[in-house]
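Participant: just coords:
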């Protein structure tokens, strides 16, 4: 009887171990119209919040489980979502086709500077950016905006005490999506992808919000319009993440009180 018990335990532990074994999907991303490989396609597992990019042959490999959703995006091409199946994991590589978008160049207005040749007069015409930024090690950009922390905290506090507040609706009702912020920051591939993007698409997909609401979250967290318009997606992610962490801390403190 004792031997049977140990045997059953061994079988259960083994089965659990196999079920937790990491699995991968492999594939190749091509241009649908030319059947040519696409290098540098951004691929994010929305379920596990991990990412990768295709190599010069359009090939990729990414950790995934059955029913995970992969998001494929590439500049100038229509983004798509693909559900991972058991057959894909079991039988190997799959070919993913991306379709080109028709892009139209919008009218660009260039403001002319009428220079006089006198430095003291000409320098007065140069626009001044009043946003103050500080650098963050490892990022090639100018860094993040140094917001007024007291005002930012006051807005977060207001959201906690007012159930109708915009931040309360976003942080409270979209708690599961906001929890992905920490996972996104921990994955180096996703951080690298976001640092090179300014289209907000990946953030919108991961957080399940539209661009208007995404920008409004950052504005409500006391970041300026200039920051919202010029920041890359990684900077926007860190801004929202910092605001959400403050919301959680203050919300817990209020509930204990």
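Facilitator: Looks like it arrived, so ask away. Since the structure is predicted, the reported quantities are computational estimates derived from the model, not experimental observations.

Participant: pLDDT score for residue 242?
Facilitator: pLDDT, residue 242: 89.

Participant: how far away is it from residue 61?
Facilitator: 33 Å (CB to CB, to the nearest Å). (Each C-beta comes from the backbone N, C-alpha and C, glycine too.)

Participant: how about residue 183?
Facilitator: 20 Å.

Participant: poorly predicted segments of the stretch 101-250 of the chain, please.
Facilitator: Scanning the stretch 101-250 of the chain for pLDDT under 70 picks out 103-144, 146-147, 149.

Participant: again, only using 50
Facilitator: Applying pLDDT under 50 to the stretch 101-250 of the chain flags residues 104-106, 108, 135-138, 140-142.

Participant: just the helices in it please.
Facilitator: 119-122, 149-161, 166-173, 175-178, 180-186, 188-195, 201-207, 211-220, 225-230, 233-256 (DSSP state H, counting those that start in this stretch).

Participant: residue 51: which of those is closest?
Facilitator: helix 188-195 (4.3 Å; CB to CB).

Participant: quick one: buried residues of the closest one?
Facilitator: For helix 188-195, a neighbour-count test (16 or more other CB atoms under 10 Å) marks 190-191, 193-195 as buried.

Participant: of the residues you listed, closest to residue 40?
Facilitator: Closest to residue 40, out of all of the buried residues of helix 188-195 and judged by CB to CB, is residue 193, at 9.8 Å.

Participant: need the contact list for residue 163.
Facilitator: By CB atoms under 8 Å, 6 or more residues apart in numbering, residue 163 lies in contact with residue 172.

Participant: as TSV, the buried residues of helix 188-195 with distance to residue 209 would be great.
Facilitator: Listed next are the buried residues of helix 188-195 as TSV, based on distance: CB to CB, whole Å:
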residue	distance to residue 209
190	17
191	20
193	18
194	15
195	20
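
Participant: nearest to residue 212 among those residues?
Facilitator: Ranked by distance to residue 212 (CB to CB), these are led by residue 194 at 19.5 Å.

Participant: what sits against that closest one?
Facilitator: With CB under 8 Å, 6+ apart, residue 194 has these contacts: 184, 202-203, 232-234, 237.

Participant: report the two of these separated the most.
Facilitator: Farthest pair in the contacts of residue 194 (CB to CB) is 184 and 232. Separation: 13.7 Å.

Participant: list the contacts for the closest residue to residue 159 other than its chain neighbours?
Facilitator: With sequence-adjacent residues excluded and distances taken as CB to CB, 6 or more residues apart in numbering, residue 159 is closest to residue 167, at 3.6 Å. Neighbour list for residue 167: 155-156, 158-159, 217, 220-221, 243, 247 [criterion: CB under 8 Å, 6+ apart].

Participant: quick check: residue 167 vs residue 227, distance?
Facilitator: 17 Å.

Participant: again with residue 234
Facilitator: 13 Å.

Participant: show me what contacts residue 228?
Facilitator: Residue 228 neighbours (CB under 8 Å, 6+ apart): 215, 218-219, 236.

Participant: quick check: it vs residue 218, distance?
Facilitator: Distance from residue 228 to residue 218, by CB to CB: 5 Å.

Participant: which neighbours do the two share?
Facilitator: Counting by CB under 8 Å, 6+ apart, the residues touching both residue 228 and residue 218 are residue 236.

Participant: of the helices of the stretch 101-250 of the chain, which is nearest residue 27?
Facilitator: Nearest of the helices of the stretch 101-250 of the chain (CB to CB): helix 188-195, 15.9 Å.

Participant: now the residue nearest to the spatial centre of the chain, nearest residue through space, not along the chain?
Facilitator: Geometric centre of the chain, nearest residue: residue 203, 3.7 Å, by CA atoms, centre = their mean. Distances taken as CB to CB, 6+ apart place residue 233 nearest to residue 203, at 5.5 Å, with adjacent residues excluded.

Participant: my guess is the one you found meets residue 202, correct?
Facilitator: Yes: taking contacts as CB atoms under 8 Å, residue 233 lies within contact range of residue 202: 6.3 Å.
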